[in-house]
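*Asks:* below is the sequence, then the predicted model.
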Amino acid sequence: MSNIFVNIDNISKSYGDIQALKDISFSVDEGELFGLIGPDGAGKTTLIRILITMLLPTTGSATINGLDVVKDFKKLRHLIGYMPGTFSLYEDLTVEENLKFFATIFNAKIKDNYHLIKDIYQQIEPFKDRRAGNLSGGMKQKLALSCALIHKPDILFLDEPTTGIDAVSRVELWDMLKKLKEQNLTIIVSTPYMDEAELCDKVAFMQKGEVMEINTPQQIVEDYDIPIYAVKGDNFYNLLLSLRRMKITRTAFPFGESIHLTTYEELNENELNKIISEFSNQRTETKRIKANIEDCFMAKMLKNK
Amino acid sequence: MAKKTNDNKYVVSVKDLTKKFGSFTAVNSISFDVTKGEIFGFLGANGAGKTTAIKMLTGLSKPSSGTAIVAGYDVIKNPEKVKYKIGYMSQKFSLYDDLKVFENIRLYAGIYGIPSKEIKSKINNLIDELGMENMRNKLVGDLPLGWKQKLAFAVAMVHDPPVVFLDEPTSGVDPITRRQFWEMIYKASEKGITVFITTHYLDEAEYCTRASIMVDGVIKALDTPTKLKENLGVKSMQEVFVKLARG
Amino acid sequence: MKAFWAFIKKEYYHIIRDPRSLLILIGMPIIQVILFGFAITNEIVDAKISILDKSKDQITQEISNKILSSKYFLLSEYLESAEQIEGSFRKGKIKLALVFEEKFAEKFNRKERPSIQIITDATDPNTAATLTNYINKILLDYQNEISISTIAPKGIEVITRMEYNPQLKGVYLFVPGTIVIILMLISAMMTSISIAREKEKGTMEVLLVSPLKPFMIIAGKVIPYIALSLINALTILLLGVFVFGLPIRGDYFLLLFEITLFIITSLSLGIFISTLVKTQQEALLISLMGLMLPTIILSGFIYPIESMPRILQYISHVIPAKWFLIMIRNIMIKGVEISYILKETLILLGMTLVLMILSIKKFKIRLE
């Protein structure tokens, strides 16, 4: 049995006329790697800031490990590790000075919790005398993560850790998160990259301040019930425009090297290919596929419109 | 007088382009050609030298050695001519948040020397094409990110440049808008505009006519996405990238 | 407590690793004092004058020589008639003209109070007033000399005396003034900017999420600046004493105490500003417009408060620098004791307290 660690209950947040969060409720289990998935402006950062006691919700409440994010904020601040979206360490301090500083302000000793950050920090330790501002993007992130972990938090919040970071560093970051999870750390991470949803235990799809869906990524993909096909052709753009004009088409979106086509009814892929090929006047290749997480997100978006 | 180089085949032609900062070589003798209407993916890890290379190609930074001809002009001899001939859009800055939609278009049309008689029709056409009639008088700062990015792209091409540079244009944009944005890119490419694009979404690398992957200041691979994948025996550009960038 | 030290150390690194700001912080006080000292000094030397001596006797000769031998005046020309005076000014050659009336010595010896006419170029009233004062001083000295040597009855009792600042030496004005400006700049402006920088860079968010108490965050940011401000105040004082010969008549500890008090007042102002702003730019703007300008104009550093319109005089009461200037001048020049400036000390203390309370109340433990 898993224990509920974070409980969010009907949280809304407004700034004047703008409603940044609309009535959000969900829970996160202890030791879970939970993803808030959505584009900029979905409300991910606002939600995280409410949970880390940095913002007050307009209505609703939330608890972390039974502590209220409004009333018990002082106690909570000891338990929380937080890595903001923008690099928020001191660029004019060295790697080691940053780590020491953040350890000290949390009343922690690097020695005591070194095991937690060892795997991550070891990679940047050769540069410990370098100013943080002179590190590469990937290394900055490792330092920021080390600093967020050095006081052995019970829960770690990462706000868009992979935005603007290259694919290699992204892969590394998710590897690090996976390892941290083994230490029973609860992690809440936000990202605009849909493919990263598959790396979470559970995700919330967010869009315009609302949660459209909460489930495990596997279940979300499983629940997708629209016929979907991958179509390839010689002239990509032409094919896309042709597909858009066909009556059977629900949606047609480019997906990497192929176009994902959804239809109103289930069709045999060979027959469908023939229709498409004739209609678009080119050689095509059509396959019935399983939707990926991004297909699911887009389907939810269109449904919500 | 600035002479236009008579080589119409390539819109961007780069040879042994190098940029050194002191003893550090940020871009190390890169060479490539981009043809008309091509969508050229310019990929690489953070710090691989992409930004430096783009700055040289857009006439913002002077190369240490080598040559680059962009839109018919030499970036070393005629950087100012180059700037007139290219469109540029970056994720961070493109439009003024405190100006209205049509004011932004008018501003850039003015900056790029479009005759004032034509500006009005230009604004109308552009807003019409984007389907933004109802947002015409809105402040850009109040637009959703997706619309902002679409508008920024259109504004970058307001002077019909032969080549447009897009620096992470789709960062943080929702998946549907991201695809609409790419359709704008296709449309531009169909019209014969060369698109030079950087992105961290590697599925987008698949949409490129050709893609280059830069590692530590050099171009490690340059080919069509299909060929790149074949050569390395992998299934996606994501794998291609990780394999090459990790070295 | 350890966290507190870590904070101070961090702040120290910020200051020390930004060579440009450091140069400004350390170099500016020195440059300012020297600028004020040499360039903008109120002392005027080698002012050109013309003399129209209608008497041409021994006494007028002596007085003329005495004036011309001082470092303040140089002779442009001797005039022959009153008509020439205007021409002499017109040519822009002279700043002042002296006219001795006829039969000067005779009248003097008969104790009839002969008159000397002093005509100045009042296009620059400050210079004109200063030069007139110099002449008065020299005439006074001359009278005293004569009365002593001849044991003659005193000719004229002259009341004009520049108390404590007999030669109107600029150093008494600009040293306290420079201290005020520098302390305002470093204490108020630099702290408000440095706190705003943490907000701008997002590091404030990380600090707030930590269990650090807001008071610790503020104190940690402020203490290095107290040290820096003290060093600067001392530098300016030392320069004043050793380069410009400023005597400090009062108690050094009292002086130091009042300086520290003013530093803390300025820091609370800086902290208060930082609670109002989000960016470094805003902090800079508010500090410059809201602090520096009123301080320079309304503190009495450059323009005497007594000659301001009533409304500005009232406004000047809320300018901390005004009270500080009164105290520091009194200590340095008059050598007064604490009891004499108790009122000003208490006013500054009160201002500090109010600002601190306001800042702590306004300091956000969360984001907006």
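*Replies:* Nice, I can see it. Numbering: from 1, shown residues only, chains lettered A, B, ... in the order given.

*Asks:* and the residue nearest in space to the middle of chain B, what element?
*Replies:* Residue closest to the mean C-alpha point of chain B, counted by CA atoms, centre = their mean, is B:Phe165 at 1.6 Å. Taking DSSP states H and E as the definition, B:Phe165 sits inside strand B:163-167.

*Asks:* which strands and helices sit next to that strand?
*Replies:* With contacts defined as 3 or more CB pairs under 8 Å, 6 or more residues apart in numbering or on different chains; DSSP states H and E, strand B:163-167 has these neighbours: helix B:50-57, strand B:86-90, helix B:145-156, strand B:194-198. Placement of C-beta: from N, CA and C, glycine included.

*Asks:* tell me which of those sits nearest to C:Phe108.
*Replies:* Shortest distance between C:Phe108 and the helices and strands packed on strand B:163-167, using CB to CB, is found for helix B:50-57: 84.6 Å.

*Asks:* centre of the chain to that closest one, how far?
*Replies:* 11 Å (CA atoms, centre = their mean, to the nearest Å).

*Asks:* by how many degrees do it and strand B:194-198 diverge?
*Replies:* Helix B:50-57 runs at 150 degrees relative to strand B:194-198, counting by axes from the mean of the first three to the mean of the last three CA atoms, to 10 degrees.

*Asks:* what does the average pLDDT come to for the helix or strand just after helix B:50-57?
*Replies:* Later in the chain than helix B:50-57, the nearest helix or strand by DSSP H and E is strand B:65-70. Average pLDDT, strand B:65-70: 95.

*Asks:* stretch C:59-76 now?
*Replies:* Taken as a whole, stretch C:59-76 carries a mean pLDDT of 86.

*Asks:* swap in stretch A:13-25?
*Replies:* 93.

*Asks:* which parts of that stretch are buried?
*Replies:* A:13, A:19-21, A:24 (16 or more other CB atoms under 10 Å in any protein chain shown).

*Asks:* in strands only, show me those.
*Replies:* If you go by DSSP state E, those have A:13, A:19-21, A:24 in strands.

*Asks:* okay, and for the chain, where does confidence drop off?
*Replies:* Using chain A here. Applying pLDDT under 70 to chain A flags residues A:1-2.

*Asks:* I was thinking of chain C, sorry if that wasn't clear
*Replies:* C:37, C:39-43, C:92, C:147-171, C:368.

*Asks:* break it into its domains for me.
*Replies:* Listed domain ranges for chain C are C:14-40+C:170-362, C:47-150 (source: automatic domain parsing).

*Asks:* C:Asn330 - how many residues pack around it?
*Replies:* The local packing of C:Asn330 (other CB atoms under 10 Å in any protein chain shown) involves 21 other residues.

*Asks:* C:Leu298 versus that one, what's the distance?
*Replies:* Note on C:Asn330: its distance to C:Leu298, by CB to CB, to the nearest Å, is 19 Å.

*Asks:* ranges for the helices of chain B?
*Replies:* Here chain B has its helices, by DSSP state H, at B:50-57, B:79-85, B:101-111, B:116-130, B:145-156, B:175-190, B:202-205, B:225-232, B:237-246.

*Asks:* which of those helices is buried the deepest?
*Replies:* helix B:202-205 (a mean of 24; mean count of other CB atoms under 10 Å in any protein chain shown).

*Asks:* quick one: mean pLDDT over that one.
*Replies:* Mean pLDDT, helix B:202-205: 91.

*Asks:* and for it, what's in contact with it?
*Replies:* A:167, A:195, A:255-256, B:41, B:43, B:170, B:178, B:182, B:197, B:199, B:211, B:225, B:236-238, B:240-241 (CB atoms under 8 Å, 6 or more residues apart in numbering or on different chains).

*Asks:* same thing with stretch B:213-224?
*Replies:* Identification of contacts with stretch B:213-224 by CB under 8 Å, 6+ apart yields B:25-32, B:42-45, B:48-50, B:53, B:209-212, B:228, B:231, B:240-241, B:244-245, B:247.

*Asks:* try 6 Å
*Replies:* For stretch B:213-224, contacts defined as CB atoms under 6 Å, 6 or more residues apart in numbering or on different chains pick out B:25-28, B:30, B:32, B:43-44, B:48-50, B:210, B:212, B:228, B:244-245.

*Asks:* specify the local secondary structure of the residue of the stretch 251-368 of chain C found nearest chain A.
*Replies:* At 4.8 Å from chain A, C:Leu367 is the closest residue in the stretch 251-368 of chain C, using CB to the nearest CB. What DSSP: H, G, I helix; E, B strand; the rest coil gives for C:Leu367 is coil.

*Asks:* next, count neighbours for it.
*Replies:* 14.

*Asks:* ok, now C:Leu325?
*Replies:* When neighbours are defined as other CB under 10 Å, C:Leu325 has 23 of them.

*Asks:* distance of the closest residue to chain B within the stretch 51-200 of chain C relative to A:Ile165?
*Replies:* Of all residues in the stretch 51-200 of chain C, the one sitting closest to chain B is C:Glu200 (15.8 Å; CB to the nearest CB). Noted for C:Glu200: a distance of 22 Å to A:Ile165, by CB to CB.

*Asks:* now do B:Met56
*Replies:* Separation of B:Met56 from A:Ile165 (CB to CB): 24 Å.

*Asks:* over to B:Leu202?
*Replies:* 12 Å.

*Asks:* where do the strands sit along chain C?
*Replies:* Using DSSP E, strands in chain C cover C:47-53, C:73-79, C:96-100, C:116-120.

*Asks:* got those as JSON lines, with distance to chain B and mean neighbour count columns?
*Replies:* Shown next, in JSON lines, are the strands of chain C (distance: least, CB to the nearest CB, whole Å; neighbours: other CB atoms under 10 Å in any protein chain shown):
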{"stretch": "strand C:47-53", "distance to chain B": "55", "mean neighbour count": "20"}
{"stretch": "strand C:73-79", "distance to chain B": "57", "mean neighbour count": "17"}
{"stretch": "strand C:96-100", "distance to chain B": "58", "mean neighbour count": "22"}
{"stretch": "strand C:116-120", "distance to chain B": "55", "mean neighbour count": "17"}
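
*Asks:* what would the ones you listed look like in JSON lines with distance to C:Pro294?
*Replies:* Output for the strands of chain C, formatted as JSON lines (distance: least, CB to CB, whole Å):
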{"stretch": "strand C:47-53", "distance to C:Pro294": "33"}
{"stretch": "strand C:73-79", "distance to C:Pro294": "38"}
{"stretch": "strand C:96-100", "distance to C:Pro294": "35"}
{"stretch": "strand C:116-120", "distance to C:Pro294": "32"}
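
*Asks:* format these as CSV; extra columns: distance to chain A.
*Replies:* CSV is the format used below for those (distance: least, CB to the nearest CB, whole Å):
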stretch, distance to chain A
strand C:47-53, 52
strand C:73-79, 55
strand C:96-100, 57
strand C:116-120, 56
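
*Asks:* not counting sequence-adjacent ones, nearest residue to whatever residue of the stretch 101-250 of chain A ends up closest to chain B?
*Replies:* Nearest residue of the stretch 101-250 of chain A to chain B (CB to the nearest CB) works out as A:Gly137 at 3.7 Å. Spatial nearest neighbour of A:Gly137, excluding adjacent residues (CB to CB, 6 or more residues apart in numbering or on different chains): B:Asn46 at 3.7 Å.

*Asks:* same deal with B:Gly110?
*Replies:* The shortest distance from B:Gly110 to any non-neighbouring residue, by CB to CB, 6+ apart, is to B:Ile119 (6.9 Å).

*Asks:* does the one you found touch B:Tyr108 like I think?
*Replies:* No - using CB atoms under 6 Å, B:Ile119 makes no contact with B:Tyr108, being 9.9 Å away.
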